[in-house]
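Q: give me a 3D structure for the following:
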Amino acid sequence: MALAAATAFGAEAPPIFDAHLHYNAAAAAAYPVPAALEVLRRNGVRAILATSVPNDGTRALLAAGSPDVRVIPFIRPYRTDADRATWFRDGEILALVEAELARGSYRGIGEFHVFGEDAASEVMGRIIDLAVARGLYLHAHCDELALERIFNRNAGARVIWAHTGFSTPPERIERWLDRFPALWGELSYRYDMTEDGHLKPEWRRLLLRHSDRFVIGSDTWINERWERYGEIMAWYRGWLAELPADVARAIAWTNAEGLFSRVP
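A: Numbering: from 1, shown residues only. Next comes the predicted model:
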């Protein structure tokens, strides 16, 4: 797989920007920072969007100061995994986010889970407004209604859509991308993109039309994903190799790198 991908891309496969990486407490216990960074290097990953429960994991990756794996830290608005279902109506989460922001360096808030009208809650609204005011991205694991509510709250929001809706079909994804210029789709867990190891035609059309609007990620939310990290990246490289080299490089690296190339 890796040899075929490298051949399709030219002499060398492009570097990867993993735009959805968790370094949660369980991962930190199993993969100390040097070991985690080595997993990334071994798979050609040269930058990560890091988001963890607790946020200590993200700070540990950043503090390592790796010269060859850039860490883009995001604030996870959870104290524990139990907050996933309630954070958007918990005023204490605002204090958590503010405390993390006081540490500096963060470039976004998320990944967070929110669905339907929960995205119109007052806490969620204040998080959205805070992100816009501070020039931060929102990394949202959400359905289409919640996505719309986020942009309705503040047209200045910039959203990385985790899993690009998870099951949202390409034709609807295209409509959302056309409607919201500050929306990017992240493609972890979108195994429905391929069939028999090849890109489906409707996905190929979408990726070619919006080649500047997609990023890829591992979503290492459990340690099994860390254990399968090489397999996950091989899946990406497999279908990226079916695209024109410039498009493949954009999705693998340039799009995400461009989002964070400027100091806020």
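Q: so where is the stretch 101-250 of the chain shaky, pLDDT-wise?
A: Along the stretch 101-250 of the chain, no part satisfies pLDDT under 70.
Q: can you give me the strands for it?
A: For the stretch 101-250 of the chain, applying DSSP state E, counting those that start in this stretch gives strands covering 108-114, 137-142, 159-161, 183-186, 194-195, 198-199, 214-215.
Q: residue ranges of the helices in the stretch 1-150 of the chain, please?
A: Using DSSP state H, counting those that start in this stretch, the helices of the stretch 1-150 of the chain run over residues 2-9, 25-30, 33-42, 56-63, 91-101, 122-134, 144-153.
Q: and these as CSV, adding mean neighbour count and distance to residue 220?
A: For glycine as for every other residue, the C-beta is placed from the backbone atoms N, C-alpha and C. Below are these laid out as CSV (neighbours: other Cβ atoms under 10 Å; distance: least, Cβ to Cβ, whole Å):
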stretch, mean neighbour count, distance to residue 220
helix 2-9, 15, 20
helix 25-30, 15, 6
helix 33-42, 16, 9
helix 56-63, 20, 10
helix 91-101, 15, 20
helix 122-134, 18, 23
helix 144-153, 19, 23
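Q: so which of the ones you listed is nearest residue 199?
A: helix 2-9 (12.4 Å; Cβ to Cβ).
Q: tell me how many other residues crowd the closest residue in space to residue 124 that isn't next to it in sequence.
A: Using Cβ to Cβ, 6 or more residues apart in numbering and skipping the chain neighbours, the partner closest in space to residue 124 is residue 88 (4.5 Å). Using other Cβ atoms under 10 Å, residue 88 has 23 neighbouring residues.
Q: my read: residue 88 touches residue 119, true?
A: Yes - at 7.3 Å, residue 88 and residue 119 qualify as touching, with contact defined as Cβ atoms under 8 Å.
Q: re earlier: quick one: closest of the helices of the stretch 1-150 of the chain to residue 249.
A: So among the helices of the stretch 1-150 of the chain, helix 2-9 is nearest, using Cβ to Cβ, at 7.5 Å.
Q: from residue 246, how far off is residue 108?
A: Between residue 108 and residue 246 the computed distance is 26 Å (Cβ to Cβ, to the nearest Å).
Q: more neighbours: which of those two?
A: residue 108 (24 against 10).
Q: how about the contacts made by the residue nearest to residue 124?
A: Contact partners of residue 88, counting by Cβ atoms under 8 Å, 6 or more residues apart in numbering, are 112, 114, 118, 119, 121, 123, 124, 127.
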